[in-house]
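Student: return a 3D structure for these sequence lines:
(one chain, ligands or ions: 1)
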Amino acid sequence: MPRDLRSEKTPLNAESLASPPYVNPLTLANDKNPKMKELRPYCLLLNESDLDDCDWLEHAAFDPNEAASREKLEYRLVTCGELCSGIFASAYQTNPDPIGSVIRSRKFPSVDSAHSDRKRVLLGHIIATKSTSDKVTDGSMSFPTDWRTNYRLDPPNGHHEEGDTICLHSLCVHPSFHKRGLGAVLLKGWTQRIRDAGLGKRIALICHDYLVPFYERAGFKKIGPSACQYGGGNWIDMIMEFDEPGQNASW
Ligand SMILES: CC(C)(COP(=O)(O)OP(=O)(O)OC[C@H]1O[C@@H](n2cnc3c(N)ncnc32)[C@H](O)[C@@H]1OP(=O)(O)O)[C@@H](O)C(=O)NCCC(=O)NCCS
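Tutor: Numbers count the residues shown, from 1 in each chain. Below is the predicted model:
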């Protein structure tokens, strides 16, 4: 006998109606920021096929002593790409600058085979790993160089699949597209996805002093000076605990 799906349906009650509706951060940001609207950006998970674009973007956005090496990016995209997100725009090289000139500057993947001259441009990315420590450490910023030949669930450094802390190692936006809200919208969509998918208990990151207000607006709490010496040190620990009430983004 076929299942009577209608009898199994849960009726709407006060509790289900009270749960907060899903907010699409891109819709909000597009309304607030006309410069972002022009780009029609969209977010996607990243994987190994995005390595060229992530490597290019990482080195365009960060100081050379802070940018992750291509090898480290490859390790992170292969090992835990589900923790990484990109914000993209699709455009032609004839589009007005800055996106037109960015497309003319190097080779980008096509959006699909039917539109080979319509390119998909990575405008910003978030690259992350998991850690068993509740803060970002120099060990979590590093990676095991033999990771391709020696898979370990509990490696000496790098990504720990069993960890509860998602370490955000790299958030960056191409310098030609700063101050359009792309960094904020990418971060907001990513934190929401990580939280809703139950991928960990908290997000940890290190940043320089001047970016503390930016991350506080996204719902992170300033912890204090970090012990990390990566890229010369002088970092601040920031944490977003998922089970701590009242820790919400304010934008
Ligand atoms: C930080 C970064 C991702 C922000 O991206 P963005 O798309 O320009 O950010 P948004 O437009 O969403 O938000 C802009 C806000 O970022 C903050 N911000 C960005 N750069 C800043 C800087 N150099 N000094 C102080 N605040 C800064 C400000 O709060 C700014 O708000 P304002 O415009 O009202 O001053 C981008 O500047 C970047 O890629 N920087 C280089 C890489 C980096 O340092 N990443 C952070 C690693 S922890």
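Student: next one: E66 from L122, what distance?
Tutor: Using C-beta to C-beta, to the nearest Å, E66 is found at 19 Å from L122. From N, CA and C alone the C-beta is placed, and that goes for glycine too.
Student: give me the buried positions along the helix or strand containing I103.
Tutor: Using DSSP states H and E, I103 sits in helix 99-105. Buried residues in helix 99-105, counted by 16 or more other C-beta atoms under 10 Å: I99, V102, I103.
Student: I'd say the last one and A89 touch.
Tutor: Just to be clear, that refers to I103. No. I103 is beyond contact range of A89, at 9.8 Å (criterion: C-beta atoms under 8 Å).
Student: hang on, the earlier thing: for the helix or strand following the helix holding I103, name the packing helices and strands.
Tutor: Using DSSP H and E, the helix or strand that follows helix 99-105 in sequence is strand 110-112. In this structure, strand 110-112 makes packing contacts with strand 115-131, judged by 3 or more C-beta pairs under 8 Å, 6 or more residues apart in numbering; DSSP states H and E.
Student: what is the burial count for the residue of the stretch 151-251 of the chain at minimum distance from the ligand?
Tutor: Closest residue of the stretch 151-251 of the chain to the ligand, C-beta to the nearest ligand atom: G183 (2.5 Å). Residues within reach of G183, counting by other C-beta atoms under 10 Å, total 22.
Student: ok, the most centrally placed residue in the chain - contacts?
Tutor: The residue lying closest to the centre of the chain (C-alpha atoms, centre = their mean) is I126, at 2.7 Å. Residues near I126 by C-beta atoms under 8 Å, 6 or more residues apart in numbering: C84, S85, G86, L168, S170, L171, L186, L187, W190.
Student: which of the three states applies to the last one?
Tutor: Yep, that's W190 we're talking about. helix (DSSP: H, G, I helix; E, B strand; the rest coil).
Student: same check, this time on the fifth one
Tutor: Secondary structure of S170, reduced to three states by three-state DSSP: strand.
Student: contacting residues around the nearest residue to it once chain neighbours are set aside?
Tutor: Nearest non-adjacent residue to S170, counting by C-beta to C-beta, 6 or more residues apart in numbering: I127, 4.2 Å away. I127 is in contact with L46, C54, E58, A68, L73, R76, L77, C84, L168, H169, S170, counting by C-beta under 8 Å, 6+ apart.
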